[in-house]
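1. Dropping the sequence and predicted coords here.
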Amino acid sequence: MRRSFLVSFAMFLAVAGLSLMACGDDESSFAPRDDESSSSIEDVTPQSSEDETSVSSSSAKSSSSVNAKSSESAKSSSSSVTPQSSSSAKSSSSVKSSSSVASSSSAKSSSSVTPQSSSSVNSSSSVTPQSSSSENSSSSVTPQSSSSVPSSSGYVPYDHMADLGDAIRIKSSDYKTFVDERNGRSYYYITINGKNKKGEAASVTVMAENLNIGKMVGITKDQANDTLIERYCYDRDTTNCDRYGGLYQWAEMMQLPSRCNTESCADLIQPNHQGICPDGWRLLTQDDFYIVLHADNNKHGIQDARAISFGGFNYSGYSLVGAGYIWDRRLTRIGEATYWYYPDEGSYSKNGEVISTAFAAATSRSGEYLTEQETYKTHGFSVRCTKLEE
């Protein structure tokens, strides 16, 4: 009995000792190891919350956005790393400014890394996103510079040949070009054969585009600076001036003092009045336009003077376009109508006061008629020039 008790007690002590040793092993197994977590992500410098969208003073637009996460949640890969920041920042590689800097999606690094879109920048090496002030990343990705890609400063002038001729009676070969030395602008012109008011055969060589010269001013102002040529551009957009030509008040077209917009200056009008036309050219007259309307090819009246893009047949080749116009300080009907002045004055009486006017003409895209009238000189109309006979 005593011996049985001693055996039981010895077995108890043995079991207790084993339990104490097991407890020590469990406690040590919960100790953190230095080789886990952050050691699996090497040489990654994600964007910080300060790396916000880079927008230049010329109103840059981002082509895409990078969704950012902190390095605490970054996932490593043996072949790719996607660094992201907590502020949904857009990296400089995805910023496309008005100077059109190409994104890194089209660039290849010296380590043969070809990034995809800015939202998934893959690299087998360490990636250090940079601000727009630093174009080269640590993987040597060099985006194209703004000088090598199209930009707003690299605007391509409108191709006026698109509005010329009718491809059957009048072909591109019927036009010649002339360069205005004052601003380097090139114009197409054409010689139109027809009949004059006497029914005699006559010809006139005219610009097939509206004149575009001068400093742009706002439509709320008169073109009153008599020391330089001023112009209006529809919507204050110079690309409209490029395509449709400038819009001018009568005195500006005539290159007479601005007072001539409100008073008679008949004594200052010259034969073959040059006005704002280049040297060797003069302002289009009513007699000139009569020949255009009665060109040998014409069958549809004014429609044969309008470009096909302006609802015409353009059998004459004159190629009127829907430049719009300014009437009582209001822009109206671009693409739909056009007005032009002639170098002639008129007048009418209002409340005992004589009002000086100018002769003008107009047509619209859908109209079959030419409107000729006297009107105020302070509107903004298109200008055409006629080549002086040699």
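-> Perfect, I can see it now. Residues are numbered from 1 along each chain as shown.

2. So C260 versus H379, what's the distance?
-> Separation of C260 from H379 (C-beta to C-beta, to the nearest Å): 14 Å. Placement of C-beta: from N, CA and C, glycine included.

3. got it, and N272?
-> According to C-beta to C-beta, N272 stands 24 Å off from H379.

4. just R306 next, same as before
-> 20 Å.

5. Give me the more crowded residue out of those two.
-> R306 (26 against 22; other C-beta atoms under 10 Å).

6. Tell me if I'm right that C260 and A251 touch.
-> Yes: here C260 reaches A251: they are 4.1 Å apart, a contact under C-beta atoms under 8 Å.

7. Who has more neighbours out of these two?
-> Neighbours were counted for C260 and for A251 using other C-beta under 10 Å; A251 has more, 26 against 23.

8. if I pick the more buried one, what's in contact with it?
-> A251 sits next to 223, 257-261, 265, 377 when contact means C-beta atoms under 8 Å, 6 or more residues apart in numbering.

9. Check K387 too.
-> 189, 205-206, 280-281.

10. any idea how far V156 is from it?
-> Taking C-beta to C-beta as the measure, K387 falls 28 Å from V156.

11. just to revisit the earlier point, now compare the contacts of A251 and name the two farthest from each other.
-> Largest separation among the contacts of A251 by C-beta to C-beta: Q223 and C265, giving 14.8 Å.

12. At which residues are the helices of the stretch 251-390 of the chain located?
-> 286-293 (DSSP state H, counting those that start in this stretch).

13. low pLDDT regions in it?
-> The stretch 251-390 of the chain contains no residues with pLDDT under 70.

14. Neighbour count: Q223 and C265, which is higher?
-> Using other C-beta under 10 Å as the criterion, Q223 and C265 rank with Q223 on top: 26 against 18.

15. and that one, how far is that from G301?
-> Q223 is 32 Å from G301, by C-beta to C-beta.

16. and stretch 213-224, what's its mean pLDDT?
-> The average pLDDT for stretch 213-224 rounds to 98.

17. Identify each buried residue in it, please.
-> 213-214, 217, 219, 222-223 (16 or more other C-beta atoms under 10 Å).

18. Which one of these is nearest to S364?
-> Nearest member of those to S364, counting by C-beta to C-beta, is I219, at 20.7 Å.

19. From W340, how far off is the closest one?
-> Plainly put, I219 is 17 Å away from W340 if you go by C-beta to C-beta.

20. Wait, S172 touches A162, no?
-> No: at 10.4 Å, S172 does not count as touching A162 under the criterion of C-beta under 8 Å.

21. if we can go back for a sec, and for C260 and A251, which residues touch both?
-> With C-beta under 8 Å, 6+ apart, C260 and A251 have common neighbours K377.

22. Checking my notes, R243 in a strand, right?
-> No: counting by DSSP: H, G, I helix; E, B strand; the rest coil, R243 falls outside a strand, being helix.

23. tell me which residues form a beta bridge with A362?
-> With DSSP bridges as the criterion, A362 is bridged to Y339, T371.

24. Contacts only, for it.
-> Going by C-beta under 8 Å, 6+ apart, A362 touches 325, 337-340, 370-373.

25. The same query, at a cut-off of 7 Å, please.
-> With contacts defined as C-beta atoms under 7 Å, 6 or more residues apart in numbering, the neighbours of A362 are 337-339, 371.

26. Among those residues, which one lies nearest to D242?
-> Proximity of those to D242 (C-beta to C-beta) peaks at T338, which lies at 15.9 Å.

27. Give me the buried stretch members for stretch 281-291, please.
-> Using 16+ other C-beta under 10 Å as the test for burial, stretch 281-291 gives 281-285, 288-289, 291.

28. of all those, which comes closest to R365?
-> F289 (18.5 Å).

29. In contact with that closest one: list those residues for me.
-> F289 touches A361, counting by C-beta under 7 Å, 6+ apart.

30. Same check on N183?
-> N183 neighbours (C-beta under 7 Å, 6+ apart): I213.

31. Distance-wise, check it relative to A201.
-> 36 Å.

32. before we move on, what about Y248?
-> 32 Å.

33. Same check on E389?
-> The gap separating E389 from A201 is 15 Å, by C-beta to C-beta.

34. what do you get for N212?
-> 32 Å.

35. More neighbours: which of the two?
-> N212 (22 against 10).

36. any idea how far the more buried one is from F381?
-> 13 Å.

37. Let me see the ranges of the helices in the stretch 101-250 of the chain.
-> For the stretch 101-250 of the chain, applying DSSP H, counting those that start in this stretch gives helices covering 238-244, 250-254.

38. Need the CA coordinates for the last one. PDB is fine.
-> Only the C-alpha atoms of helix 250-254 are listed here, as PDB (Å, rounded to 0.1, in the frame of the first residue of the first chain):
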ATOM      1  CA  TRP A 250     -16.000  99.500 -91.900                       C
ATOM      2  CA  ALA A 251     -13.400 102.200 -91.100                       C
ATOM      3  CA  GLU A 252     -10.900  99.500 -90.000                       C
ATOM      4  CA  MET A 253     -11.400  97.700 -93.300                       C
ATOM      5  CA  MET A 254     -10.900 100.900 -95.100                       C
END
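
39. thinking again about what came up before, which single one of the contacts of A251 is nearest to V321?
-> Using C-beta to C-beta, these come closest to V321 at Q223, 21.6 Å.
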